[in-house]
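>>> how would this look folded up:
(2 chains)
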Amino acid sequence: AQKITQTQPGMFVQEKEAVTLDCTYDTSDQSYGLFWYKQPSSGEMIFLIYQGSYDEQNATEGRYSLNFQKARKSANLVISASQLGDSAMYFCAMRDLQAGSARQLTFGSGTQLTVLP
Amino acid sequence: DVKVTQSSRYLVKRTGEKVFLECVQDMDHENMFWYRQDPGLGLRLIYFSYDVKMKEKGDIPEGYSVSREKKERFSLILESASTNQTSMYLCASSSGGQGIEAFFGQGTRLTVV
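Next up, the predicted model:
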C-alpha cells in the first residue's frame, strides 16, 4: 500500500521569498510517480509538477521545483519567489506506474500555504 | 484543454435521499475517479473505473456506488444520504499512460441535512 505524509498543516512565507513544502512517501513499488497539485480557495485542483521514480534529474516547472531524494523517500516542493497568488492548499500525491497496476493517485493531507505581503 | 465537468458546485440534500453526482470528461480518457475531500484528511478515493461498465472500490466505498455506462460519464450515487457524507466530492480523469497527471473537475460541495 502507498502512503503520503505531509507534516505541515499550515505554512507562512513572505512575498518574494522561497518556501519548501515537505512530502514523504512510503511504497514497496519500484516504479512510481510523484505529483504536486495546488488547490486555491475556488476548489479546483491544478497540476503543478511531476517526478518519476527513475528520473535522475529533479523536476522543474517555472518557479516550482521538486527536491526528490529517493533514498529518504521524500519529494519536497520548492516554490521560489513566492507570490500572493501562491496562497492555496498544496497536495502531494503518488501513483504506481508498473504495468497492470491500479491507476489511482494516493494523496497526502495537504499543506495550507499563506503568502504574506 | 482537457475538461472535466461536475454537474453541480453546491448541493443540499436531506438524510435518506438518493443522490446522484455526475461527472463528464471530454478527452476520451480511460480512467475516471471519485474522491472525497475532508479537512485534515486530504483526498480519499471512493471508486474508480478504467473502462466502460468497469468499476473498482477505492479506500472508502461504503455507502456509495458508481455507474459508468459511457466512456465520458462517471456517476457517483449515494444510495441513502447521511450527514457523515457531507463533504467536497472531486471527480478526476486520466489517460492510461505513465506519468500523465489526473485532471479534476471543479468539485461538488454536498451538504446532507
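
>>> How about the residues of chain B by chain A?
Proximity of chain B to chain A (Cβ under 8 Å from any Cβ of the partner chain) is limited to residues B:31, B:33, B:35, B:40-45, B:48, B:50, B:56, B:58, B:88, B:90, B:92, B:94, B:96, B:98-99, B:101-107, B:109. The C-beta positions use only the backbone N, C-alpha and C, and glycine is treated the same way.

>>> Repeat the analysis, applying 7 Å as the threshold.
Counting by Cβ under 7 Å from any Cβ of the partner chain, chain B comes close to chain A at B:31, B:33, B:40-43, B:45, B:48, B:50, B:58, B:90, B:94, B:98-99, B:101-102, B:104, B:106-107.

>>> Of those residues, which belong to strands?
Those of the residues of chain B next to chain A mapping onto strands are B:31, B:33, B:42-43, B:45, B:48, B:90, B:94, B:104, per DSSP state E.

>>> what's the closest of the residues you listed to residue A:77?
Within those, proximity to residue A:77 (Cβ to Cβ) peaks at residue B:42, which comes in at 14.9 Å.

>>> Chain B versus residue A:44, what's the distance?
Per Cβ to the nearest Cβ, to the nearest Å, residue A:44 is found 5 Å from chain B.

>>> Is that residue in a helix, a strand, or coil?
Using DSSP: H, G, I helix; E, B strand; the rest coil, the secondary structure recorded for residue A:44 is coil.

>>> I'd say it and residue B:92 touch.
No. Checked against Cβ atoms under 7 Å, the pair residue A:44 and residue B:92 is beyond contact range at 11.1 Å.

>>> So which residue is smack in the middle of chain B?
Nearest to the geometric centre of chain B sits residue B:34, at 2.8 Å (Cα atoms, centre = their mean).

>>> which residues does that one bridge with?
Beta bridges link residue B:34 to residue B:47, residue B:91, judged by DSSP bridges.

>>> where's it relative to residue A:32, distance?
Using Cβ to Cβ, to the nearest Å, we find residue B:34 at a distance of 22 Å from residue A:32.

>>> wait, which of the ones in strands among the residues of chain B next to chain A is closest to residue A:37?
Using Cβ to Cβ, these come closest to residue A:37 at residue B:104, 7.9 Å.

>>> Alright, I will stop here.
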